[in-house]
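> I need the structure of the sequence given here:
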Amino acid sequence: MDLSWDEIRRRIAEVGPGLHDAGTFSAHTLEAIARAAGRRQIRNSAETGSGASTLLFSHLSARHTVFALDDGLGSIANVRRSPLLRPNVVTFVEGPTQATLPGYRFTGKLQLVLLDGPHAYPFPDLEYYFLYPHLETGALLILDDIHIPTVHNLFEFLRRDAMFELEEVVEKTAFFTRTGAPAFDAFGDGWQDQNYNARPLLRYTWRGRIRKLLPARVSRMARRSSRECTPEILAPASGAVVAATGVVQGSAALPEDSYLWILARRKDIDGWWPQGGGLVPVNGTRWSVSVNYGGPHDAGFEFEIAALVVGPSTRDLWTDWFARVKETGLFPPVRLPSAGFVLGEAYRTVRRNR
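Prediction:
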């Protein structure tokens, strides 16, 4: 077929609505796809779903792979029969993308991907998962039907993620460019490193945020009001400058089946380290324990000391932590129990000397 590129695009837009019954791109969106793809040299491309876009990509890509299910809608059969298709360029991988994508092996990086397969949850996310590691820097990622909530959720993730930059939205189709950011580890977690997760949902965290806004003394008094006992830290003084190690002293009256632990952390670190080798003995009402304030790289930082009275379960958990430290030589931080499981608490902030 000896047609100009303008005529090819016009004819594809014309026949698009008749290719299948599942909906198709408008002429305006097809033109935007052609324009965005035309700015790149596309050696390898892929799409989920099939239709007018397949015809278009057969003229824009050196090798195009289609993951689609005909399902009686004609999305593959009609495209195969179209004289506008360059069949030698296109490979059809037929079947549900939920089954075909996980086992497919790409032989090279992709310069273009269109996600337009099944829209039910979690299938758009599943398609993204199996395709994003293959996108090279500068590649075009097109996400169609962002008005559908399941797809819109992926759209909101992509527009915040460091791996992608939103170029434009044309009608219901979003165009992203793959940035030079490292690809997210497909077999890891690291959710907290993703921009989409930078702010936890307020409706679940507002109580904790309000507590953080309260002055420390007011917040602690509010927590202590329902406690069975109140330990005290007598030394070092608040704001004192301390060495790499030092003795912390205090007093506590322990109820039956309760145990005193002293923990410390650098104040800008989320996690605590139990001190003194285990639970702290109380002689009468007085106690004393040696505390470590980090290594040489922690000099000059503020440290927080916590004196906590806890029950048997937390005692067992932290006793096991010391046993694992001896076995492995590793010192992972621990989390403090939820407020309802702390029988008493006191805090003190000091500064490590330089």
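
> buried stuff in stretch 65-74?
The neighbour-count criterion (16 or more other CB atoms under 10 Å) identifies 65-70, 73-74 as the buried residues of stretch 65-74. In this view, the C-beta of every residue, glycine as well, is placed from N, C-alpha and C.

> and for stretch 125-133?
126-128, 130-132.

> likewise stretch 25-41?
Neighbour-count burial for stretch 25-41 flags 25-27, 29-34, 36-37, 40 (criterion: 16+ other CB under 10 Å).

> could you dump those to TSV with pLDDT and secondary structure?
Listed next are the buried residues of stretch 25-41 as TSV, based on pLDDT from 0 to 100; DSSP: H, G, I helix; E, B strand; the rest coil:
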residue	pLDDT	secondary structure
25	86	coil
26	88	coil
27	89	helix
29	92	helix
30	92	helix
31	93	helix
32	93	helix
33	93	helix
34	92	helix
36	94	helix
37	93	helix
40	93	coil
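
> would a markdown table of those with distance to residue 87 be doable?
Shown next, in a markdown table, are these (distance: CB to CB, whole Å):
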| residue | distance to residue 87 |
| --- | --- |
| 25 | 21 |
| 26 | 25 |
| 27 | 24 |
| 29 | 24 |
| 30 | 20 |
| 31 | 24 |
| 32 | 25 |
| 33 | 20 |
| 34 | 20 |
| 36 | 24 |
| 37 | 19 |
| 40 | 23 |
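
> make CSV out of the buried residues of stretch 65-74 and add pLDDT.
As requested, these are exported to CSV (pLDDT from 0 to 100):
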residue, pLDDT
65, 97
66, 97
67, 97
68, 93
69, 90
70, 83
73, 70
74, 70
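
> quick revisit: go through the buried residues of stretch 125-133 and say which is closest to residue 81.
Closest approach between these and residue 81, by CB to CB: residue 127, at 25.9 Å.

> you'd agree the closest one is in a strand?
No: per DSSP: H, G, I helix; E, B strand; the rest coil, residue 127 lies outside any strand segment and is helix.

> pretty sure it sits against residue 101.
Yes: using CB atoms under 8 Å, residue 127 is in contact with residue 101, at 6.3 Å.

> quickly note the distance from residue 245 to residue 239.
18 Å (CB to CB, to the nearest Å).

> looking at this structure, which helix or strand is least sure?
Within the chain, no helix or strand scores below helix 216-224, which has a mean of 48 by mean pLDDT, DSSP states H and E.

> just the CA atoms of the longest helix seen in the chain, as PDB, please.
Counting by DSSP state H, the longest helix found in the chain is helix 312-328. C-alpha atoms of helix 312-328 as PDB (Å, rounded to 0.1, in the frame of the first residue of the first chain):
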ATOM      1  CA  PRO A 312       5.500  -9.900  80.200                       C
ATOM      2  CA  SER A 313       4.900 -10.100  76.500                       C
ATOM      3  CA  THR A 314       7.000  -7.100  75.700                       C
ATOM      4  CA  ARG A 315       9.600  -8.300  78.200                       C
ATOM      5  CA  ASP A 316       9.800 -11.700  76.300                       C
ATOM      6  CA  LEU A 317      10.000  -9.900  72.900                       C
ATOM      7  CA  TRP A 318      12.900  -7.700  73.900                       C
ATOM      8  CA  THR A 319      14.700 -10.500  75.800                       C
ATOM      9  CA  ASP A 320      14.600 -12.500  72.600                       C
ATOM     10  CA  TRP A 321      16.000  -9.400  70.800                       C
ATOM     11  CA  PHE A 322      19.100  -9.600  72.900                       C
ATOM     12  CA  ALA A 323      19.500 -13.300  72.300                       C
ATOM     13  CA  ARG A 324      19.300 -12.700  68.500                       C
ATOM     14  CA  VAL A 325      21.900  -9.900  68.800                       C
ATOM     15  CA  LYS A 326      24.300 -12.300  70.400                       C
ATOM     16  CA  GLU A 327      23.700 -14.900  67.700                       C
ATOM     17  CA  THR A 328      23.900 -12.600  64.600                       C
END
